[in-house]
Structure formats: structure tokens, C-alpha cells
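Visitor: turn this into a model:
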Amino acid sequence: MSNELMDLAGWTIKEARGAGAEEARVRIFSNRQVEISYRERKPETIKEASTRALSVEIFAMGRYSSQSTSDLRRDALKGFLSNAVSATRLLAEDPFRTLPDSKYTGGRIDRDLGLVDPGHDDFKAEDRHALARAAEAAALAGGGKDIISATAQTQDSLSESVMAASNGFLGERRNTTYAVMASLTLQDAGDRRSNDWAYAVTANRKSLPSPETIGRKAAENTRAMLGAKKLKTETLPVIIENRMASWMLSGFLQAMFGRNIDQRQSFLLDKKDHSVGSRLFTLIDDPFVKGGLGSRTFDGDGMTAEKRIMVENGVLRHYFIDWYYSRKLGWEPTTGSPSNLIIPPGSRSVSAIMKDLGRGILITGFIGGNSNPTTGDTSIGIFGRLFENGEPVQAVAEMNIADNHLKFWERLIEVADDPWVYSSARMPSLVIDKVVVAGV
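Guide: Modelled structure (predicted):
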């Protein structure tokens, strides 16, 4: 970690308190990102950006504000902090806004979470170009004669951040990320077009699949959607593909956050220790996954990270409660945001599950949609593939699922063996029974 950022964080806390803040917390972030994309076998974009920013939370006279700046010169920060404190004093009082009690911020264990690729400094421009070229070439090779366009992109970054608070908290984080993506558009019947993509994101470059694998998968996904059409409305089992499982779960998660619970806008209100899904529905928040994109030793409040089973065999065990809402609700805090969300994988492949289901839809993408955190009602567009006797027989699109989360997750009947590891939501494909899929 840069000593410069650490020194600046400590100086900022002293200046904020000198300007009249009773308590203060500061976050300083530095990031360097490089992005290269290829189209028609030549570079389309080459970007490199370095950003630095500082945000400070001011606690003064029972009032609170959060303000940020990208000007990290100390002379400029003096005026910024003075103005921040003055502005905070004009706000309404909020007695629940304080820094966390020290018992929640101590006891962190230093551990190597595998968030930094030691070879990042050796990742050169020619390496980035080679990744993008190879991914695009594989997508083009797999696209056949109906190609309209193909695009491939690589992105990598090195980030450093430090957080300090007037209660003595000091924490730092350093991480690298690598991403490779390919997308393909094919001519379909008439004037229709088929488009899909594939991608991977990791903390360590050696964990990335080959760019050829990503390009081929983009082509495979796109070709599988040729001839997509609506089907008649039908009730049948669906398999939500691993890369899309977190999208469906996001509506459920909304109801687990302290803000919605405090505002009584949560369908999970008063559901703690009650059933909210089938016995196969277990959801773990694990901040200690080696190389996990959400791994951390402390959260946004500075509270020490802990592994928690949020939903256990269908029973809700915890909510996401930050320090502020823990005080408003009079509850013990957990954390205000997920780290790595995990649904433990099952033992069977998607292909094996499809054979047993007979007829159903493999959902490979969602379009739009909405979810009401108060009622749990959700509606979302889908596309994917109809399968019969375990084999895909027709691409489907422009169809819709309307359901309620408290009923939807009760019908989780199997979990596949394919956790998606290229996200902080490390979820396998999920099998939901008796879903009404609306079409014609």
C-alpha cells in the first residue's frame, strides 16, 4: 500500500477534527485501468485512465454528511474540509449517525486473500492486444457465414484504497482485476439479428480461461439463439444458467437490506428464522474466498468481516444491517453489503438435470424487469432455449416470468454443479419448478 495514501488519510482526519468535526471517516481510492477492444481484426479503442478520489464523512453536532473530491492537494483539501464541516452543521440532526463501536471494528486477522496478481507489473501492451485479438478471432471462427460483427475487449486494473476514522480504525485494500469479453452478432431470418456474449473476470491473470475459450463460447451462445421465437404460455420447470442466477436473486436481496426493513418496504420483514425458500436454498456471505472478487477483511463501515450463512436450508438467518440501521432498528449489525455470495453447488451437471426434467426452458438471459421489495412481486423478460428429452430444440425470446419471491424460491428443486466463479456472486445453475412462462 502506498505510504502516501496512508499519510494523507491520517492528515485528513486531523484536519477534519481541527475544522470542528467531532468524528470523521475518510476513504482514499487510487485506480489505474487499461482497456483495449478489437473489431474487424483491428483495435477499436485503447484507453488508459488513472483516477484518485477522496471521500470524507463528517459527524458534527449530531449531524452528518458525506462529501467527495478528486483534488488531493493538501492546500485544496483544507478548504474542502472546512466547507464540509460548515455545511454539515446546517443539516438536520440525526442521532443515529456515529462511527461504529470499537468492538465491531477490531480483531481483524491479516490474511492473504489472493487479491493481487504479483505479475501485474509485467502485463504489457502486447499481452493485452494478444488477448483481445485471440478472443475476437475465436468468436469470428465460430460464427460461421452469417456474421454481422464481432467485438472483443480486455480490461485490467490495479486499485489501492485506504480507510481511516477518528475512532482509531485504519484499513487498507489492494487488488488487481483482469477481464476478457467477446460478443457476436449474427444475421437471423429476415431482418432479425442474434446477439450474445461471453466473459470472465478474475483477480489473477492465470485464473482467466483462454481468450479462445471465451470467443468460442460467445459464438456458441449467439448461434444457439438463432431462430428464437415466442412460445405459448406454459407452466414448466426452468433452469437459470449460472451466469444469470445472481440477476434473479437480486430482487430477493433487496428485501434483506436494513434501509428497506427500516422503511417497512421489505417482504422479508419479520421473516428471520422463518422459511423463505426450499431446503435447497442456502445462501452464504463469505468474505474470505481466495481470489474472490468480493473478498475483504472489513466492510464499508470498517466492521470486521465475518462469514455468515444468510439463508440456511430455506430459513432466513441474517439481514444485511450496517451500523447506521442497526442503531435505528435496535438490532445487532452484520454488514451493510454482501462480499462473495455463494449458493453451494450440487452434484449433477445441467445436461444431466435436463434429461430428467424432460421438457423445460434453460434461461440464458434476462431483459429489463422489476422487483417490488415490499411485496416480493417480480416480473422479468427472459430468453434462452426450450429443451425436450434433455436436448435443446428451440431458441426462445420475448417471453416473461411474473412471480413472487416467497413462492419462487420455495420451488427450487435442484442446484447444479457449475458455480460461476467470474463474479462476486458465485452461484451455480438453479432449477425452479412449475414456473409460468408467458408468451403468445
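
Visitor: low-confidence bits of this protein, can you list those?
Guide: The model of the chain has pLDDT under 70 over residues 1.

Visitor: so where's the longest helix in it?
Guide: In terms of residue count, the longest helix belonging to the chain (DSSP state H) is helix 125-143.

Visitor: same question for that one: list its buried residues.
Guide: Neighbour-count burial for helix 125-143, with 16 or more other Cβ atoms under 10 Å as criterion, is recorded at 128, 131-140, 142-143. (Each C-beta comes from the backbone N, C-alpha and C, glycine too.)

Visitor: from the residues you listed, which is closest to Trp197?
Guide: Ala139 (9.2 Å; Cβ to Cβ).

Visitor: ok, the nearest residue to Arg243 once chain neighbours are set aside - contacts?
Guide: Counting by Cβ to Cβ, 6 or more residues apart in numbering, Arg243 lies nearest to Trp420, which is 5.1 Å off, once chain neighbours are set aside. The contact partners of Trp420, by Cβ atoms under 8 Å, 6 or more residues apart in numbering, come to 242-243, 245-246, 426-428.

Visitor: all helices for this structure, in order.
Guide: Secondary structure of the chain (DSSP H): helices at 3-18, 74-88, 125-143, 211-223, 245-254, 258-262, 323-329, 350-357, 405-408.

Visitor: the last one: how far from the chain's middle?
Guide: It refers to helix 405-408. 22 Å (Cα atoms, centre = their mean, to the nearest Å).

Visitor: from the contact counts, what lies against that helix?
Guide: The helices and strands touching helix 405-408, judged by 3 or more Cβ pairs under 8 Å, 6 or more residues apart in numbering; DSSP states H and E, number zero.

Visitor: turn the helices of the chain into a markdown table, including distance to Ala416.
Guide: Output for the helices of the chain, formatted as a markdown table (distance: least, Cβ to Cβ, whole Å):
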| stretch | distance to Ala416 |
| --- | --- |
| helix 3-18 | 43 |
| helix 74-88 | 50 |
| helix 125-143 | 24 |
| helix 211-223 | 17 |
| helix 245-254 | 10 |
| helix 258-262 | 30 |
| helix 323-329 | 35 |
| helix 350-357 | 5 |
| helix 405-408 | 17 |
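
Visitor: and among the ones you listed, the most buried is which?
Guide: Stretch with highest mean neighbour count among these: helix 211-223 (a mean of 22; mean count of other Cβ atoms under 10 Å).

Visitor: what's Gly106 in contact with, if anything?
Guide: Going by Cβ under 8 Å, 6+ apart, Gly106 touches Thr304.

Visitor: mind doing that once more with 10 Å?
Guide: Residues counted as contacts of Gly106 (Cβ atoms under 10 Å, 6 or more residues apart in numbering) are 168-169, 302-304.

Visitor: now distance to Ser347 and neighbour count too, for those residues, in JSON lines please.
Guide: Converted to JSON lines, the contacts of Gly106 look like this (distance: Cβ to Cβ, whole Å; neighbours: other Cβ atoms under 10 Å):
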{"residue": "Gly168", "distance to Ser347": "47", "neighbour count": "12"}
{"residue": "Phe169", "distance to Ser347": "43", "neighbour count": "21"}
{"residue": "Gly302", "distance to Ser347": "39", "neighbour count": "24"}
{"residue": "Met303", "distance to Ser347": "35", "neighbour count": "23"}
{"residue": "Thr304", "distance to Ser347": "34", "neighbour count": "19"}
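
Visitor: of these, which belong to strands?
Guide: Residues of those located in strands (DSSP state E): none.

Visitor: can you redo the residues you listed as CSV with distance to Arg111?
Guide: Converted to CSV, these look like this (distance: Cβ to Cβ, whole Å):
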residue, distance to Arg111
Gly168, 21
Phe169, 18
Gly302, 17
Met303, 17
Thr304, 12
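
Visitor: and those residues, which is closest to Gly18?
Guide: For the contacts of Gly106, the nearest to Gly18 is Gly168 (17.2 Å; Cβ to Cβ).

Visitor: from Arg192, how far off is the closest one?
Guide: Going from Gly168 to Arg192 by Cβ to Cβ, to the nearest Å gives 61 Å.

Visitor: and if you look at Arg32?
Guide: According to Cβ to Cβ, Arg32 stands 41 Å off from Arg192.

Visitor: give me the phi and psi angles of Gly277.
Guide: Main-chain dihedrals, Gly277, degrees, to the nearest 10: phi -180, psi -180.
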